[in-house]
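J.: Generate a structure from the sequence data that follows.
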Amino acid sequence: MKPNYKNWIPRGMLFSMYVCAVILVALCILFGCLGFLKSYTWSIVLFALTLVLALGVTVYASWYTYMYLAFDYNGKKKIMKVLAEGVTSYVDIKPSQKGIDIGCGSGALAIALAKKNPLATVIGLDRWGKEYASFNKLLCERNAEIEGVANISFVQGDATKLPFEDESVDVLVSNYVYHNIPSKDRQAILLESLRIVKKGGEFAIHDIFSKSKYGDMNSFIKKLKDMGYESVELLDTTKGIFMTKSESRKLMLQDSRLLVGKK
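T.: As a prediction, the model looks like this:
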């Protein structure tokens, strides 16, 4: 039995888009080829309108299908699996240490972290909102059971106000989470996450670190170093680390970076 890590693009959405495209094509035929309306002018106008809409929906459906197949954990590209294993490769979790995955979704990254050391303890945290209704705590727990991972638990929580004490975890990881949180100050969200990392602890946060979403990350890195962080780097993951430049452009992930360091 294989784990079901699902996909951030729901199948139902793809199905709906293709059904919509078929309906619009059918309307094109009615308005154009069959002369559905008595008014020739209105037939032409509606034919043109439905044709444009049909082409637009088809293009979007095709792009989202490409995205769906690319992120499929068991698909050909397996980007979700590559990211889960890739992010965890930048941290070292030791026996008796505690790790956390912020925004664990269906559990892939948290489980990958737990697999690195069965003697460590890992927590997967997510708010499991309506935006990704197919992701939930029970799904994560089932995936962990199927993967044979026992050193993990999952909790519901808010990344903007974590239910943990200062310096309470040794390792923190996250993947494509913070850019989805509506905020005028995502650097503050990063600081909230880093707040719970112990002195000497490690972190690897992968996200779309565009200036429009995060502001000046160079100044943020300097701020962390001024605060006494041992090391902080922002790595471009679109240069073959997790994906190629071409893949990042097709997936609209050109600003994917990995904030990695030690507190």
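
J.: contacting residues for the most centrally placed residue in the chain?
T.: Note on the chain: the residue nearest the mean C-alpha position is Y176, at 3.7 Å, using C-alpha atoms, centre = their mean. Taking C-beta atoms under 8 Å, 6 or more residues apart in numbering, we find Y176 in contact with L83, G103, H206, D207, I208. Where C-beta positions appear, they are placed from N, C-alpha and C, glycine not excepted.

J.: Identify the bridge partners of H206.
T.: Counting by DSSP bridges, H206 forms beta bridges with N175, L258.

J.: count of residues packed around it?
T.: The number of residues packed near H206 is 26, by other C-beta atoms under 10 Å.

J.: What's the separation between the residue nearest to the centre of the chain and A108?
T.: Note on Y176: its distance to A108, by C-beta to C-beta, to the nearest Å, is 11 Å.

J.: same thing with D207?
T.: 16 Å.

J.: Need the three-state assignment for Y60.
T.: helix (DSSP: H, G, I helix; E, B strand; the rest coil).

J.: now do V232
T.: strand.

J.: ok, and the closest non-adjacent residue to it?
T.: In space, V232 comes closest to G261 once its chain neighbours are excluded; the distance is 3.8 Å by C-beta to C-beta, 6 or more residues apart in numbering.

J.: do the same with L172
T.: Nearest one to L172, counting by C-beta to C-beta, 6+ apart, is F203 at 4.3 Å.

J.: Looks like the one you found contacts R195 (just checking).
T.: No. Judged on C-beta atoms under 8 Å, F203 makes no contact with R195 at a distance of 11.1 Å.

J.: wait, what's in contact with the residue nearest to V232?
T.: Per C-beta under 8 Å, 6+ apart, neighbours of G261: E202, F203, L224, Y229, E230, S231, V232, E233.

J.: rerun at 10 Å
T.: Contacts for G261 (C-beta atoms under 10 Å, 6 or more residues apart in numbering) come out as 90-91, 194, 197, 201-205, 221, 224-225, 229-234.

J.: Pull out the buried residues from those.
T.: 90-91, 194, 197, 201-205, 221, 224, 229, 232, 234 (16 or more other C-beta atoms under 10 Å).

J.: which intervals of the chain have sub-threshold pLDDT?
T.: 33-40 (pLDDT under 70).

J.: tell me the SS of the residue nearest to L172?
T.: strand.

J.: my read: it touches L191, true?
T.: No. Between F203 and L191 there is no contact under C-beta atoms under 10 Å: 11.6 Å.

J.: one step back: can you list residues touching both of Y176 and A108?
T.: M80, L83.

J.: quick one, strands of the stretch 151-263 of the chain?
T.: For the stretch 151-263 of the chain, the strands defined by DSSP state E, counting those that start in this stretch cover 152-156, 169-175, 197-208, 231-236, 256-262.

J.: From the structure, what's the count of residues near A120?
T.: Neighbours of A120 (other C-beta under 10 Å): 20.

J.: gap between it and K98?
T.: Between A120 and K98 the computed distance is 7 Å (C-beta to C-beta).

J.: Please enumerate the shared neighbours of the two.
T.: With C-beta under 10 Å, 6+ apart as the test, A120 and K98 both reach D170, V171.

J.: how near is D226 to L235?
T.: From D226 to L235 the distance is 21 Å (C-beta to C-beta).

J.: can you list the buried ones among the contacts of G261 in TSV and add distance to K76?
T.: Listed next are the buried ones among the contacts of G261 as TSV, based on distance: C-beta to C-beta, whole Å:
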residue	distance to K76
Y90	25
V91	28
L194	36
V197	36
G201	36
E202	32
F203	31
A204	26
I205	27
I221	35
L224	38
Y229	39
V232	35
L234	29
